[in-house]
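S.K.: quick one, structure for this:
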Amino acid sequence: MFSNTLISWIGQHDLDARANETDGPILATLKAFPFKSASFLYNYPDEQVNEYITWLKGQVNTPVSITRAELQSPVHFGDIYESATQLLESLSERELHNLSILLSPGTPAMQAVWILLGKTRFPATFYQSSIQQGVQVADIPFDIAAEYIPPAKSLSAGQLQTLSNTNPPDNAAFKDIVTRSESMQTLIQRARILAEHEVPVLIDGESGTGKELFARAIHNASPRKDKPFIAVNCGAFPPELIDSMLFGHKKGAFTGAIADKPGYFEQAHGGTLFLDEFGELEPAVQVRLLRVLQDKTFTRVGDTKEQTSDFRLIAATNKNLIEAAAEGRFREDLFYRVAVGVLHLPPLRERNGDLLFLADSLLHVMVKEYPLLEGKKISASGKNVIQQHRWPGNIRELKSTILRAALWATGSDITGEDLLQALFKTVSKQNPIMERDLSQGFDIQVLLDEVESHYVKKALAQTAGQKTKAAELLGYNNHQTLSKRMEKFGIHKDS
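M.R.: As a prediction, this is how the structure comes out:
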């Protein structure tokens, strides 16, 4: 998937790149990441910049535009701010979607302005480029309130740079949640708020969406972070041992109880008890759990002495508990006892802008864990396959698929074919195409178009967008036929 627009100042290292036979920050970034367009600001002599742009256009296919900025000096904060704002305001809504800003070229004042604007009015992904580390996504681990912008105009560049270097709030607990999605960023902000309070939390979402990751982050950002985090899978409780596992038991309470043993509630004293697959609890267990949540007291199996535990509860489920409660399959009073702080985690297919970003991030982590994967990268055809799969197993499925593909890839590129081989073939829940229900009737042409569109996309992914090869795979007479079908179905090579 292409980021729409790359924004940057043109710096001296860029202008020197042609003579020095190097890339410079801008060209290196355009080579490292795909962009639909690029728009640059400059305050160097026109002739020098025009020569550079002519050379740059000969190196990449990305459409490039430039805008001259009239600056009193390259460190004049007010002029830099006005020029950068005017450029961003001139972009269309589509261009502002998935906006990217390259921080490396320009003065510290220019970098500071980009951070201010990209963190407030014009949300953007930041990039950095250096000879030593190459091109990387730059993590700016703090937020700036949008209402801060008006007084910011009166600050000097040095003052804003000092602000940028100020230590951010302690959000390290959430660093493992990798996302660019606005909806996910909102959930992280809500989770940070919940971490500061002692209310119970219910996290729901499909399997593999990161429910335990959020639960651990909330615990690690809370005042209980130095106390135990006890994770329990409610779906794995043997019916005859549920009470013992939750509440503990005394020696001799039953056959096999050879010593006193604390249950999960005791183990979580002072910390957090995370009950995963919360919706799997049997009705009888729901009753006993409700009492513990009400007064934090319980009794070990085989004991008469009442115990207490100071724990914070976080529960997770992939079921619709509101619906289950309405239908009498889950206790309504227990649901409302737990569902105070509620987080709905979206499936991966609904996290706009996250899929390829997550794929690259997961591969980066895998390389650290498996050094023999060093140098592996996902090719264009591989990214197309990732984009077209629905990932019913969400992040867990994406991670395991990329790992399998990386292990099997014979070269440095993880190709579309590698990923297709790594994907598990699942049986569709829809009716087979030859067994559609005719009782209500349907449009046969729509069905045929649906099938053809599916295989056109698949062929393009498998051939890295090479129309001639894709047309051969599909049995078309020539690539012009394929182009006409792509136009009919609204399919683009980079979609």
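
S.K.: now for the lengthiest helix in the chain, which elements pack on it?
M.R.: Counting by DSSP state H, the longest helix found in the chain is helix 444-462. Helices and strands touching helix 444-462, by 3 or more Cβ pairs under 8 Å, 6 or more residues apart in numbering; DSSP states H and E, are helix 380-388, helix 416-422, helix 467-474, helix 479-489. In this view, the C-beta of every residue, glycine as well, is placed from N, C-alpha and C.

S.K.: turn the ones you listed into a markdown table, including mean neighbour count.
M.R.: Putting the helices and strands packed on helix 444-462 into a markdown table (neighbours: other Cβ atoms under 10 Å) gives the following:
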| stretch | mean neighbour count |
| --- | --- |
| helix 380-388 | 21 |
| helix 416-422 | 21 |
| helix 467-474 | 17 |
| helix 479-489 | 15 |
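
S.K.: domain assignment for the protein?
M.R.: 3-165, 182-344, 349-422, 433-489 (automatic domain parsing).

S.K.: residues contacting Thr29?
M.R.: 6, 8, 102, 127, 129, 135 (Cβ atoms under 8 Å, 6 or more residues apart in numbering).

S.K.: show me the shaky parts of this protein.
M.R.: 1-3, 142-172, 426-442, 493-495 (pLDDT under 70).

S.K.: tell me the contacts of the most centrally placed residue in it?
M.R.: The centroid of the chain falls nearest to Thr179 when counting by Cα atoms, centre = their mean (2.9 Å). Neighbouring residues of Thr179 by Cβ under 8 Å, 6+ apart: 185, 188, 351, 354, 357-358.

S.K.: assign it to helix, strand or coil.
M.R.: Assigned with DSSP: H, G, I helix; E, B strand; the rest coil, Thr179 falls in the coil class.

S.K.: likewise for Ser65?
M.R.: Classified using three-state DSSP, Ser65 is strand.

S.K.: give me the neighbour count for the nearest residue to it once chain neighbours are set aside.
M.R.: Spatial nearest neighbour of Ser65, excluding adjacent residues (Cβ to Cβ, 6 or more residues apart in numbering): Ser39 at 4.9 Å. Ser39 has 19 neighbours, counted by other Cβ atoms under 10 Å.

S.K.: would you list the phi and psi of Ser39?
M.R.: Ser39 has phi and psi values of phi -140, psi 120 when expressed as degrees, to the nearest 10.

S.K.: what sits against it?
M.R.: 5-7, 64-67, 87, 91.

S.K.: and the gap between it and Ala221?
M.R.: 38 Å (Cβ to Cβ, to the nearest Å).

S.K.: surely Ala324 and Leu281 touch.
M.R.: No: between Ala324 and Leu281 there is no contact under Cβ atoms under 8 Å: 10.8 Å.

S.K.: can you pick out the residue with more neighbours from these two?
M.R.: Leu281 (23 against 16).

S.K.: show the contacting residues for the more buried one.
M.R.: Counting by Cβ under 8 Å, 6+ apart, Leu281 has contacts 234, 237, 275, 289.
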